[in-house]
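> 3D model of this:
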Amino acid sequence: MAVSGLAAPMAFAQDAPAAAEPDAEAVVVVGTRKALKTAQDIKKSADTFVDSITATDIGAFPDKSVAEALQRVPGVTVIRSAAKEDVMHYSAEPSGVIIRGLPQVRSEFNGRDTFSATSGYGLSWSDVAPEMMAGVDTYKNQTAEMIEGGIAGSINLRTRLPFDQKGRVFGATVEANSGNFSQTVTPSISALYSDRWSSDIGEFGLLLNAAYSETDTTSHAVTIPRMVVFAPGTYTNQTNYIPSGVAFNNTDYSRTREGVSLAAQWQNNDRTMRASLQYNNSTYHNVWNEEQLISYWFWVDPASTTHSTVWNDPYQIAPPDAPGLGFNEAGGGVPYTFGSDGLFQNGVITRSKGDWGYGSIDWSTGTSYVPGSTDQYGTYDQFGVDLPVIQPCIKSDISHGNLPCRGAPIVNTATRFSDEERKIDDLAFNFIWDATEKLRFNFDAQYVKATTQHYDVTFEFTTYADLGLDLTGEYPSLSLLKPSGYNVIGTDPVSDPRNYSPESIMDHITDSEGELKAIRADAAYNFDGTWLDALRMGVRFADREQKHFWSAYNWQSIASDWGVNPADSWFLDSPATHNSDGSIRFQGYEPGYYEVREFGTDMFGGGLISDTMFPFVTQDVISSPAELAKRFAISGQTDQGGTASSVWNPICERPNEIANSCFTVGEQLRVREKTDSAYVMLKFGGNDAFIGDVAVTGNVGVRFVNTTVESAGAVNFANPFTAGELNCQPMTPEQIAALGPNQYAISPACLAVASTQDRAFSSGTSQASDVETTHKNVLPSFNIRLGLTDEWFLRFAASRAISKPDIGLLRNYMSLQRSFIDQADITVGNPNIVLNGAGQPVSYKYGYTGATGNPRLKPIKADQFDFAVENYFDQVGSFSFTLFYKQFHDYIQNGTFVVPYTNNGVTRDVVVTGPVNGEGASIKGFEVAYQRYFNFLPAPFDGLGVQANYTRLKNSGVKNANLIVDSDGGGTTARSSQSGMINAGRLENLSDDAYNLIVMYEKGKIGARIAYNWRSEYVSSVNDCCIGFPVWNDSEGFLDASFRYALTDHIELNIQGSNLLGTEVRIRQQVAGPTDAAPNTPANFMPAGWFEYDSRLQVGVRIKY
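You can find the predicted model right below:
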């Protein structure tokens, strides 16, 4: 029995479909037809449910990223946001893959593990160069020999091997890429050389494949932060919704992707032994520069403000001396207008809730600083010296009229720079030996190394303006008016840098790596019988370590008005001449760190912002951590001869970091996972196995998995009791008389003094915390295919699958918090009070809480069932209808659990908030797929073809996890722990409906394809970080097309277009809906954002010999 050469994600390759002798009248299968035929043959003969994408021609992968190609597969949708936790940025290339509404997708390279060095468990799909792919297989159910890990499905990325080709092959592709917004031309180059040759000791093969591509893209966005809900009667007789701000973004992405694949093979002359050595490298580098204009007038903390919060003060966004309720002074007494749904339509906003105005303490009598004037001081005195006049004047939630001065909405210009590089190195060796005609052995070893480095920084400038906001058009528009409550200079204040201050800097870094070592050994015995086909068994051992160091987003003030000017400089070009405490004068910022440049003119057709010129930090400064630190960090400014000019401590200079690490203890995640697995599988049936006239083939098996997780971390114990908490004094008669019924006459401090064990436990110290957990899983599987005729088949699969938790959810770092007690807690019946024999309180049992990950998490389990009717009526002609159902167990959600901790010999149970294994639920649906070429049409129309598929999904009882895998300081992994959260009623990124329609043409020298992909609305974030409400994407469809022309048998020209419709992505925020307390509340939605990005064109030539 010869060794098979068809790659598959399992111990042994499936038998290649028998090649039928070509009919004299048959259509010659080449190009796209050949690729589709190969994919159809894989699906037809697979051991379980598989959909495949193949590129039989070198460099002919059908799309320009793996994720873009996968969205054509039935049941697969993609995530288009730049990152899972950031729905306010959209990239031209998808960042994630969803199968049947679920994100727990297992990623494989040539049937082996692959992953990125992130806090997730699998691969970042944009990391892989599509030019290197021979094919991509999507497994929607499983067999016992498949590696465990994907309840949504498994995606296997196949690269080429020398023995895949009949002989020497050389191919190369050169392309030029451009976008209508980015207006740049970037290259894409790939090449492959493969050869095989015979010798006395066997046949050898060598393959070298390399790919390099650059893509520049630009996206524009108009976004509305959280809507502010005003109670009926505040402005109108209905509930009103006023945006808390509006933002305009221009983001330029520059992505570079490199890939290298090396493969060497040997087989002996009688082809009973084959050895393969493969090395694959992928490098993904993405740099983006962003400019943002954002104005906000109502600060709402999305993390702490409940979904049910309602305001009822009309003066929150208008001065108290406005002409009338709901009017605004700058608008000349024109009232705000609202739509029938209560949404703000237009008006001039002249005040900012929570704003600190500047000027004198009394606007009516004091002086205020006019930028550029010689008098830089007001009438307010502190520390014995005059302060610059940037002082708090009024906070708007003070009662109206107490202070007559006014504020104005904040206008920020922000510059952001992000530089991320991810690498994956994969080295694998495989040896297959056909010991006899019936007995085969397989040995496989693999080593993977993945790294990620990321630097991200944002610098904001601040000024003030009255704002004319108009939401009546297709997009929000903003008029920036001279503020009525501030003194500014220049004829165009928002364009004049003299009116701006350097408000804040926020930096962030990631430095992560992952490493995997795995070996497996398998054996197969082939039977001669009709019903028994083969018995397969094997073992696998894997050891994976992941170090994920992810810093908090290090926001710090530079010169904020609300901070009473803590810095020594206020305006960009006019630094103050002395410090607020009267010490040595600051020498000023080094010039040249900002420039005034055009912004917003080409955004959504232009005209959305009244001004077009704004000051921004230069890219030369913001893209260099060293340059930024020299100019603005404490360490840099003290070098200029003055005291510190700011309170900014850049990452790597923060006082609480571990020495020489740039990270705090809580920002470091270390997880090790060791997996031992074994399986046995019986293949039955075959070409000669019939029940009546029905051909039968299938497999049944079981896989045993033992997983040990080690998570290294630390615990910070609660701070020691303060002197005030231990100030035990006898209660006075007056205090005793004031006690309520059933209250004990003893103070909390006296109980604290007597609670010696809790005082010992609350030491404020840290200690290492290493947790080891073992999980055992038994995973049975059954697959059967019934051949009703040569063309019609029924297929059924049932299996149990698991998905392991994302690495970030296994975080093992926690800071404990001790409960606070007051006199009201010292009450009869409180179980935490320790009583003596006489029934009097003598001490107190304090409670402890914390928030972190959960290294004890079990894998999610799913019982999954698939049933399909399949019809294969032509070489490229098929129809399939598939029903599927998944029942989940131990689905990971946010919750609480109890962990005992011991300190100084005292053990306390700590109630921890974080990820837990929750209740089971289900998801179900169906897929319909059809493809064919219309060979029966007269020429030249016989080259026409079509592919179409549709997917319908419905989830029941599956709750959104509401978890994040990265968190500031290593604390909670929940997006929010607030009560009364709106239940969006749907899993994130799950669309009820999705379809693909592809029209193809393949005849002679010409090949063409037009592909349209559509999906219905979906929840992109159940509780967005920056809005706080659930965020929904509207339905969206994208059109791509390609055209190829063969100049010769060896040279082909091609042109491809992506996003040809210029599809806009629109998102909404859900401001009302069901909650646990009010499950029948109807849903209500308000706008949240509009996004547009490049339509891309690629022109190239492909050569093959």
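
> you'd agree Asn269 is up against Glu203?
Yes. Here Asn269 reaches Glu203: they are 7.3 Å apart, a contact under CB atoms under 8 Å. For the C-beta atoms, the positions are set from N, CA and C on the backbone; glycine is no exception.

> Settle it for me: which of those two has more neighbours?
Glu203 (17 against 12; other CB atoms under 10 Å).

> and that one, what helix or strand is that in?
Using DSSP states H and E, Glu203 sits within strand 202-223.

> following that strand, which helix or strand comes up?
Next along the chain after strand 202-223, taking DSSP H and E as the criterion, comes strand 227-230.

> Sort out which residues of that following strand are buried, please.
Under the neighbour-count criterion of 16 or more other CB atoms under 10 Å, strand 227-230 has 227-230 buried.

> Just name the closest of those to Phe431, please.
Among these, Met227 lies closest to Phe431 (CB to CB), at 62.0 Å.

> So the closest one is in contact with Val1071, correct?
Yes. Counting by CB under 8 Å, Met227 does reach Val1071; the two are 5.3 Å apart.

> what sits in contact with each of those two?
241, 1029, 1086 (CB atoms under 8 Å, 6 or more residues apart in numbering).

> want to throw these into a markdown table with secondary structure?
Putting those into a markdown table (DSSP: H, G, I helix; E, B strand; the rest coil) gives the following:
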| residue | secondary structure |
| --- | --- |
| Tyr241 | strand |
| Phe1029 | coil |
| Met1086 | strand |
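
> What about the residues you listed, which one has the most neighbours?
Phe1029 (25 neighbours).

> Now that one. Nearest residue, chain neighbours left out?
Nearest residue to Phe1029 in three dimensions, chain neighbours excluded: Gln1069, at 4.3 Å (CB to CB, 6 or more residues apart in numbering).

> Tell me which other helices or strands the helix or strand harbouring the one you found touches.
Per DSSP H and E: Gln1069 is located in strand 1065-1072. The contact analysis (3 or more CB pairs under 8 Å, 6 or more residues apart in numbering; DSSP states H and E) places strand 1065-1072 against strand 227-230, strand 1031-1033, strand 1084-1093.

> contacting residues around the longest one?
Think strand 1084-1093. The contact list for strand 1084-1093, computed with CB under 8 Å, 6+ apart, reads 88, 90-92, 181, 217-224, 227, 241, 341, 343, 471, 475, 604, 1027, 1031-1032, 1059, 1062, 1064-1073.

> could I have the next helix-or-strand element following it exported to CSV, CA atoms only?
Going down the chain from strand 1084-1093, the next helix or strand is strand 1096-1104, by DSSP H and E. Extracted in CSV, the C-alpha atoms of strand 1096-1104 (Å, rounded to 0.1, in the frame of the first residue of the first chain):
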residue,chain,number,x,y,z
ARG,A,1096,-9.2,48.3,-3.2
LEU,A,1097,-7.9,47.4,-6.6
GLN,A,1098,-5.1,44.9,-7.3
VAL,A,1099,-3.5,44.4,-10.7
GLY,A,1100,-0.9,41.7,-11.3
VAL,A,1101,0.7,39.0,-13.4
ARG,A,1102,1.2,35.3,-12.5
ILE,A,1103,3.8,33.1,-14.1
LYS,A,1104,3.9,29.3,-13.8
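
> Could you pull out the buried residues of strand 1096-1104?
Buried residues in strand 1096-1104 (16+ other CB under 10 Å): 1096-1098, 1100, 1102-1104.

> What of stretch 767-774?
Neighbour-count burial for stretch 767-774, counted by 16+ other CB under 10 Å, picks out 769, 771.

> Go ahead and measure how far it is from the middle of the chain.
Once both centres are worked out by CA atoms, centre = their mean, to the nearest Å, stretch 767-774 turns out to sit 28 Å from its chain's centre.

> can you pull the contacts of Ile923?
Residues in contact with Ile923, defined by CB under 8 Å, 6+ apart, are 100-102, 885-886, 888, 953-956, 958, 987.

> Would you confirm that Glu734 belongs to a helix?
Yes. Assessed with three-state DSSP, Glu734 lies in a helix.

> now it: how far from Tyr744?
To Tyr744, Glu734 is 16 Å away according to CB to CB, to the nearest Å.

> Which of those two has more residues huddled nearby?
More crowded of Glu734 and Tyr744, by other CB under 10 Å: Tyr744, with 19 against 7.

> Surely that one touches Asp825?
No. Using CB under 8 Å, Tyr744 makes no contact with Asp825, being 9.9 Å away.

> circling back: between the shared contacts of Met227 and Val1071, which is nearest Gly538?
Phe1029 (49.3 Å).

> circling back: just the buried residues of the contacts of Ile923.
Among the contacts of Ile923, those classed as buried by 16+ other CB under 10 Å are 100-102, 885-886, 888, 953, 955, 958, 987.

> Mark which of those residues are part of strands, please.
Of these, the ones assigned to strands by DSSP state E are 885-886, 888, 953, 955.

> Format these as JSON lines; extra columns: distance to Arg196 and pLDDT.
Output for these, formatted as JSON lines (distance: CB to CB, whole Å; pLDDT from 0 to 100):
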{"residue": "Tyr885", "distance to Arg196": "46", "pLDDT": "97"}
{"residue": "Lys886", "distance to Arg196": "44", "pLDDT": "95"}
{"residue": "Phe888", "distance to Arg196": "47", "pLDDT": "92"}
{"residue": "Leu953", "distance to Arg196": "45", "pLDDT": "95"}
{"residue": "Asn955", "distance to Arg196": "49", "pLDDT": "87"}
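
> which of those sit farthest apart?
The largest separation in these, counting by CB to CB, is between Phe888 and Leu953 at 14.3 Å.

> mind listing what the nearest residue to Leu835 once chain neighbours are set aside touches?
Of all residues beyond its chain neighbours, the one nearest Leu835 is Pro841 (6.1 Å), with distances taken as CB to CB, 6+ apart. Pro841 is in contact with 744, 746, 751, 826, 833-835, counting by CB under 8 Å, 6+ apart.

> Quick check on the closest residue to Ile860 other than its chain neighbours: phi, psi?
Among residues not flanking Ile860 along the chain, Ser803 sits closest, at 4.7 Å (CB to CB, 6+ apart). Phi and psi for Ser803, reported as degrees, to the nearest 10, are phi -130, psi 130.
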